[in-house]
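Chemist: 3D, please:
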Amino acid sequence: MPAPNSITPKQLLRLIGTPQAPRLIDICMDADFEADPYLIPGSTRHSATDFKGLASLIGDGPTVVICQKGKKLSQAVVSGLRSEGVQAEYLEGGMFAWRDMPEAPRVPAAALSMLRPEGSLWITRHRPKIDRIACPWLIRRFVDPNARFLFVAPGEVEAAAEMFGATPFDIENTYWSHRQDRCTFDTMLDEFALRTPALDRLATVIRAADTDRHDLAPEAAGLLAVSVGLSRQYRDDHENLAAGMHLYDALYRWARDGFEERHDWPTDRKS
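Modeler: Model (predicted):
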């Protein structure tokens with residue numbers, strides 16, 4: 001049973017990647033972080049002694065504070081935050097406990113050079129359908145909850161990326177793009193070290209739909225149909241992305257918990 005104002009690593013793992021995930025704040029001491037430079041997916045580094053900055057960063061939502069061992073540092077910070085009305089909990093056992101769970105992904109800090117205090121900025125081609133909706137979903141749910149996205153005409157992506165300091169993705173001859181027979185979503189799973197059974201399962205469906213290889217996953221045809229439908233329903237790419245976030249939230253839960261479920265009619269038919 002978790003202690004007061006705490007959450008266990010297994011409880012947190014069930015929340016990461018879902019819309020119910022709390023804000024994650026990593027307050028590990030610099031020396032500890034440099035010795036093991038990894039982050040829990042979606043977490044942000046911040047100084048433990050900057051209470052005002054922490055409260056401003058967190059806002060009104062629930063928060064989990066993470067230190068190396070889940071002891072004095074995070075417990076004191078959580079107590080201070082709760083005294084200010086912040087819905088804060090600390091991670092029991094800290095990063096050590098998270099690291100000891102084989103199924104728990106950790107994002108290498110070296111892959112996060114695009115992160116900014118105000119949120120990372122990404123750019124891609126307009127009229128997104130599959131990869132260009134799936135990748136923003138992955139980034140916001142597992143990398144940077146404050147990530148922002150720009151959609152421009154294909155010929156304008158590189159110039160706009162340079163002008164605004166944005167990271168281009170799903171564009172030919174860029175780092176965050178297709179590699180061999182894999183799509184950009186696969187590239188992000190590899191670079192952010194997010195290879196989990198659920199995300200691998202989802203990646204197969206995305207790859208099958210995005211590269212017209214529906215033999216890889218029977219769900220691909222449905223994903224393509226819904227993705228095309230959303231792109232026709234919304235003229236504005238950001239409205240399309242907002243609707244797509246709900247779609248991929250549901251697909252992730254299917255890939256994590258419901259991929260073995262089947263339906264038939266009549267309901268009492270014997271298999």
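
Chemist: in this structure, which spans are strands?
Modeler: 6-7, 23-26, 38-39, 43-45, 63-66, 88-91, 107-108, 121-125, 148-152, 167-168 (DSSP state E).

Chemist: distance of the residue lying closest to residue 61 once chain neighbours are set aside relative to residue 122?
Modeler: Once flanking residues are discounted, residue 61 sits nearest to residue 23: 5.6 Å by Cβ to Cβ, 6 or more residues apart in numbering. For the C-beta atoms, the positions are set from N, CA and C on the backbone; glycine is no exception. For residue 23, the distance to residue 122 (Cβ to Cβ, to the nearest Å) stands at 20 Å.

Chemist: residue 119 against residue 149, yeah?
Modeler: No - applying Cβ atoms under 8 Å as the test, residue 119 and residue 149 come out as separate, 10.1 Å apart.

Chemist: pick out whichever of these two has more residues nearby.
Modeler: residue 149 (21 against 14; other Cβ atoms under 10 Å).

Chemist: need the contact list for the more buried one.
Modeler: 121, 122, 123, 124, 136, 238, 241 (Cβ atoms under 8 Å, 6 or more residues apart in numbering).

Chemist: any idea how far residue 135 is from it?
Modeler: On the measure of Cβ to Cβ, residue 149 and residue 135 end up 9 Å apart.

Chemist: what residues do those two have in common as contacts?
Modeler: residue 124.

Chemist: which residue ranges make up each domain of the chain?
Modeler: 6-109, 113-258 (automatic domain parsing).

Chemist: need those domains in a markdown table (columns: mean pLDDT and distance to residue 265).
Modeler: Shown next, in a markdown table, are the domains of the chain (pLDDT from 0 to 100; distance: least, Cβ to Cβ, whole Å):
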| stretch | mean pLDDT | distance to residue 265 |
| --- | --- | --- |
| domain 6-109 | 94 | 30 |
| domain 113-258 | 97 | 18 |
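
Chemist: got JSON lines for those, with distance to residue 264 too?
Modeler: What follows is these, written out as JSON lines (distance: least, Cβ to Cβ, whole Å):
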{"stretch": "domain 6-109", "distance to residue 264": "28"}
{"stretch": "domain 113-258", "distance to residue 264": "15"}
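
Chemist: against residue 7, how distant is the residue lying closest to residue 68 once chain neighbours are set aside?
Modeler: Counting by Cβ to Cβ, 6+ apart, residue 68 lies nearest to residue 32, which is 4.5 Å off, once chain neighbours are set aside. Going from residue 32 to residue 7 by Cβ to Cβ gives 20 Å.

Chemist: just want to know which of these two has more residues nearby.
Modeler: A direct count of neighbours by other Cβ under 10 Å for residue 32 and residue 7 places residue 7 higher, at 19 against 16.

Chemist: pretty sure that one contacts residue 87?
Modeler: No - judged on Cβ under 8 Å, residue 7 makes no contact with residue 87 at a distance of 11.5 Å.

Chemist: what about the longest helix in this protein?
Modeler: helix 237-253 (DSSP state H).

Chemist: for this protein, just list every one of the helices.
Modeler: Counting by DSSP H, the helices of the chain are 9-15, 30-35, 51-58, 72-83, 94-99, 131-142, 157-164, 184-191, 197-210, 220-233, 237-253.
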